[in-house]
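Trainee: Sequence first, predicted coordinates after that:
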Amino acid sequence: MALSFSEVIEEARQSARALLDYGDHFFNPAVRLGVTGLSRAGKTVFITALIHGLTRGGRFPIFEPFATGRIAKARLAPQPDDAVPRFDYENHVRTLMEQRRWPNSTVDISELRLVIDYQRKNGADRTLTLDIVDYPGEWLLDLPLLNKSYEQWSAESLSLSRERPRARLATQWHSHLATLNALEAEDEQAALTAARLFTEYLRTCRDERFAMSLLPPGRFLMPGNLAGSPALTFAPLDLSDNGAAPEGSLRAMMRRRYEAYKDVVVRPFFRDHFSRLDRQVVLVDALSAFNSGPEALVDLEAALAGILDCFRIGRSTLLSSLFRPRIDRILFAATKADHLHHSSHDRLEAVLRRTVNRAVARAENTGADIDVVALAAVRATREARVQLGREKLPSILGTPAPGETAGGEAFDGETEVATFPGDLPADPEELFMGEAAFRGLSSAPAEKSDFRFLRFRPPQLEREGTDEPTLPHIRLDRALQFLIGDRLQ
Ligand SMILES: Nc1nc2c(ncn2[C@@H]2O[C@H](COP(=O)(O)OP(=O)(O)OP(=O)(O)O)[C@@H](O)[C@H]2O)c(=O)[nH]1
Ligand SMILES: [Mg+2]
């Protein structure tokens with residue numbers, strides 16, 4: 001495909017920076033780790049727990065350089081990218097540990113630099129700079145738009161919105177769409193209404209009852225300072241042909257704005273952030289999909305395929321790959337595994353592995369090592385076996401967040417309860433066997449649902465002597481070993 005002039009300039013800028021980065025990294029080993037995941041996947045909690053553990057002596061037996069004492073010290077350093085907000089680590093830790101609350105939702109990109117002094121296996125002292133970049137997974141799902149025309153995107157979005165359960169949620173937008181004629185004169189009010197109804201449809205899809213994942217363009221649900229701008233005021237049109245859009249027509253207007261969205265939002269993200277990452281962890285909230293039902297799980301699978309596609313797009317970009325391969329490791333992590341008894345952790349991992357494997361097959365070769373783990377960055381529960389009739393069920397104990405309900409009972413946020421969340425099947429295929437595969441909490445009464453995941457408060461921490469408490473976790477050390485263990489050899 002021929003590159004436009006602006007694309008050539010962009011490629012040149014990118015490769016110049018790659019060369020600079022390369023020279024820099026030669027003397028000072030550095031890793032840029034991207035942490036992403038769709039809204040509420042657990043990004044903020046993951047990064048906070050990771051930094052706390054590394055800087056405050058967490059328990060990481062599987063993270064080899066840490067467990068063997070080769071890491072002398074890990075400390076925070078000033079955030080190096082002037083145009084990116086700093087990850088608000090201190091505040092998040094305080095919220096988690098002192099107030100026992102989860103940090104607030106964050107909608108923008110943020111970054112933090114950690115400097116790790118370590119001893120190589122051969123005894124030499126070294127320093128690794130770890131830049132951690134937290135960005136919304138929704139931005140990643142926008143990258144495929146770079147390779148799509150307005151007409152392609154329009155057709156795909158429409159056909160998706162006609163599938164179950166989306167069709168039901170799209171009726172208002174579809175009725176408005178039926179009144180539009182793409183060839184008529186452009187009309188700001190029509191565009192505004194279409195964009196508003198389309199955005200409402202996306203928002204309803206994301207509601208926890210449906211928990212849909214694949215909802216581009218990402219900024220429609222998190223507009224930030226672009227709210228109301230033309231680059232966000234467009235929507236799909238029902239186009240029967242692929243022909244040209246007459247100048248001044250509604251179709252031409254929508255197409256122009258779609259292209260503006262790519263220029264203003266998607267390309268800068270690719271150039272300034274995504275293309276500079278070395279490693280990536282994609283956090284996945286599979287439990288919310290279980291709470292919702294099989295349709296949400298299938299939608300999540302499609303979103304993961306979309307995400308994997310991005311890594312392929314990233315690699316095939318002409319010059320940026322000349323200097324050194326970027327993103328060479330991707331970890332998919334199912335978060336919040338503390339909602340399940342440990343007997344189900346391997347099963348959660350198997351479900352994610354199955355979903356990712358199918359996505360890998362579709363996304364072809366990403367050129368990166370991919371691994372899968374089920375983890376809890378902060379473990380909010382303990383385990384117990386609870387007698388129910390004749391059976392002893394593997395249950396979990398935790399303090400449900402205030403306002404959570406189960407079986408008609410509302411929790412006050414202070415009382416600890418034992419719950420049996422449901423067993424994942426030994427064979428993950430069972431979860432994908434059509435609509436009747438399982439029932440989630442949002443689609444069935446609690447006593448009839450197969451999965452019931454409550455939100456728990458962060459754990460009560462115990463102090464051992466004068467030591468500052470560490471945050472309990474599940475398999476966070478395994479994630480670290482895969483993500484940076486090899487860079488600390
Ligand atoms: N029990 C438990 N809950 C978690 C864990 N990580 C995240 N959560 C829950 O998931 C919610 C979202 O976590 P965040 O870390 O804020 O997720 P995020 O991806 O940063 O979300 P946005 O900033 O909204 O995109 C939290 O408020 C918790 O309720 C975990 O390790 N254990
Ligand atoms: Mg966040």
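Mentor: Nice, I can see it. Ligands and ions are numbered 1, 2, ... in the order given.

Trainee: pretty sure Leu331 is in a helix, no?
Mentor: No - with DSSP: H, G, I helix; E, B strand; the rest coil as the criterion, Leu331 is strand rather than part of a helix.

Trainee: how many other residues sit next to it?
Mentor: 23 (other Cβ atoms under 10 Å). C-betas here are computed from N, CA, C, even on glycine.

Trainee: List the residues that contact the closest residue to Val282 other than its chain neighbours.
Mentor: Leaving out its chain neighbours, the residue that sits closest to Val282 by Cβ to Cβ, 6 or more residues apart in numbering is Phe332, at 5.1 Å. By Cβ atoms under 8 Å, 6 or more residues apart in numbering, the contact set of Phe332 is 281-282, 284, 304, 352, 356, 370-373.

Trainee: switch to 6 Å and redo it
Mentor: Shown in contact with Phe332 (Cβ atoms under 6 Å, 6 or more residues apart in numbering): 282, 352, 356, 372.

Trainee: do Glu301 as well
Mentor: Contacts of Glu301 (Cβ under 6 Å, 6+ apart): Thr355.

Trainee: if we can go back for a sec, tell me how far the residue nearest to Val282 lies from ligand 2.
Mentor: 18 Å (Cβ to the ion, to the nearest Å).

Trainee: Span of stretch 94-111 from start to end?
Mentor: 18 Å (Cα to Cα, to the nearest Å).

Trainee: anything in stretch 117-135 sitting right up against ligand 2?
Mentor: No - for a cut-off given as Cβ under 5 Å from the ion, stretch 117-135 has no contacts with ligand 2; the smallest distance is 6.4 Å.

Trainee: what are the C-alpha coordinates of that stretch, in CSV please?
Mentor: The C-alpha coordinates for stretch 117-135 follow below in CSV (Å, rounded to 0.1, in the frame of the first residue of the first chain):
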residue,chain,number,x,y,z
ASP,A,117,19.2,-1.8,41.0
TYR,A,118,20.2,-5.4,40.5
GLN,A,119,23.1,-7.7,40.3
ARG,A,120,23.5,-9.7,37.1
LYS,A,121,23.8,-13.5,37.4
ASN,A,122,27.5,-13.0,36.6
GLY,A,123,27.8,-10.7,39.6
ALA,A,124,28.0,-7.3,37.8
ASP,A,125,25.9,-4.5,39.2
ARG,A,126,23.3,-3.0,36.8
THR,A,127,20.3,-0.7,36.8
LEU,A,128,17.1,-1.3,34.8
THR,A,129,14.7,1.5,34.1
LEU,A,130,11.1,0.3,34.0
ASP,A,131,8.6,2.7,32.6
ILE,A,132,5.1,1.6,33.2
VAL,A,133,2.4,3.1,31.0
ASP,A,134,-1.3,2.7,32.0
TYR,A,135,-3.7,3.3,29.1
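
Trainee: can you redo the contacts of Phe332 as a markdown table with secondary structure?
Mentor: Formatted as a markdown table, the contacts of Phe332 follow (three-state DSSP):
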| residue | secondary structure |
| --- | --- |
| Val282 | strand |
| Leu352 | helix |
| Val356 | helix |
| Val372 | strand |
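
Trainee: Next up, the contacts around the residue in the stretch 151-300 of the chain that ligand 1 sits nearest to.
Mentor: Residue nearest to ligand 1 within the stretch 151-300 of the chain (Cβ to the nearest ligand atom): Leu283, separated by 6.4 Å. Counting by Cβ under 6 Å, 6+ apart, Leu283 makes contact with 37, 41-43, 46, 333, 335.

Trainee: So which of those reach ligand 1?
Mentor: Among the contacts of Leu283, proximity to ligand 1 is found for 37, 41-43, 335 (Cβ under 6 Å from any ligand atom).

Trainee: Neighbour-wise, give me the winner out of the contacts of Leu283.
Mentor: Ala333 (29 neighbours).

Trainee: before we move on, back to that, biggest separation within the contacts of Leu283, which pair?
Mentor: Within these, Lys43 and Ala333 form the most distant pair, 10.5 Å apart (Cβ to Cβ).

Trainee: From Ala227, how far off is the residue lying farthest from the centre of the chain?
Mentor: Note on the chain: the largest C-alpha distance from the chain mean falls to Arg390, namely 41.0 Å (Cα atoms, centre = their mean). As defined by Cβ to Cβ, to the nearest Å, Arg390 lies at a distance of 57 Å from Ala227.

Trainee: Arg100 now?
Mentor: 33 Å.

Trainee: So the two - more neighbours on which side?
Mentor: A count of neighbours by other Cβ under 10 Å puts Arg100 above the other of Arg100 and Ala227, at 16 against 10.

Trainee: Just to check, that one is in contact with Pro459?
Mentor: No - using Cβ atoms under 6 Å, Arg100 is not in contact with Pro459, being 7.7 Å away.

Trainee: tell me which of the contacts of Phe332 is nearest to ligand 1?
Mentor: Closest to ligand 1, out of all of those and judged by Cβ to the nearest ligand atom, is Val282, at 11.0 Å.

Trainee: Just the buried residues of the contacts of Phe332.
Mentor: 282, 352, 356, 372 (16 or more other Cβ atoms under 10 Å).

Trainee: and the gap between the third one and Thr68?
Mentor: Distance of Val356 to Thr68, given as Cβ to Cβ: 30 Å.

Trainee: can you count the residues close to whichever residue of the stretch 351-489 of the chain sits closest to ligand 2?
Mentor: Scanning the stretch 351-489 of the chain for the residue nearest ligand 2 gives Ala377, at 11.8 Å (criterion: Cβ to the ion). Using other Cβ under 10 Å, Ala377 has 28 other residues around it.

Trainee: Return the residues in contact with it.
Mentor: Counting by Cβ under 6 Å, 6+ apart, Ala377 touches 45-46, 49, 473, 476.

Trainee: Mind jotting down where the strands sit in the stretch 301-450 of the chain?
Mentor: 329-334, 369-374, 382-388, 391-398, 405-406, 409-410, 417-419 (DSSP state E, counting those that start in this stretch).

Trainee: and if you look at the stretch 1-150 of the chain?
Mentor: 30-37, 71-77, 110-119, 125-134.

Trainee: Reformat those as a markdown table; add distance to Glu430.
Mentor: Shown next, in a markdown table, are these (distance: least, Cβ to Cβ, whole Å):
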| stretch | distance to Glu430 |
| --- | --- |
| strand 30-37 | 25 |
| strand 71-77 | 42 |
| strand 110-119 | 39 |
| strand 125-134 | 34 |
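
Trainee: out of the ones you listed, deepest packed?
Mentor: Greatest average neighbour count among the strands of the stretch 1-150 of the chain goes to strand 30-37 (a mean of 23), per mean count of other Cβ atoms under 10 Å.

Trainee: interface residues of the stretch 101-250 of the chain facing ligand 2?
Mentor: Going by Cβ under 5 Å from the ion, the residues of the stretch 101-250 of the chain near ligand 2 are Thr106.

Trainee: Contact residues of the stretch 101-250 of the chain facing ligand 1?
Mentor: Counting by Cβ under 6 Å from any ligand atom, the residues of the stretch 101-250 of the chain that sit close to ligand 1 are 102-103, 105-106, 136.
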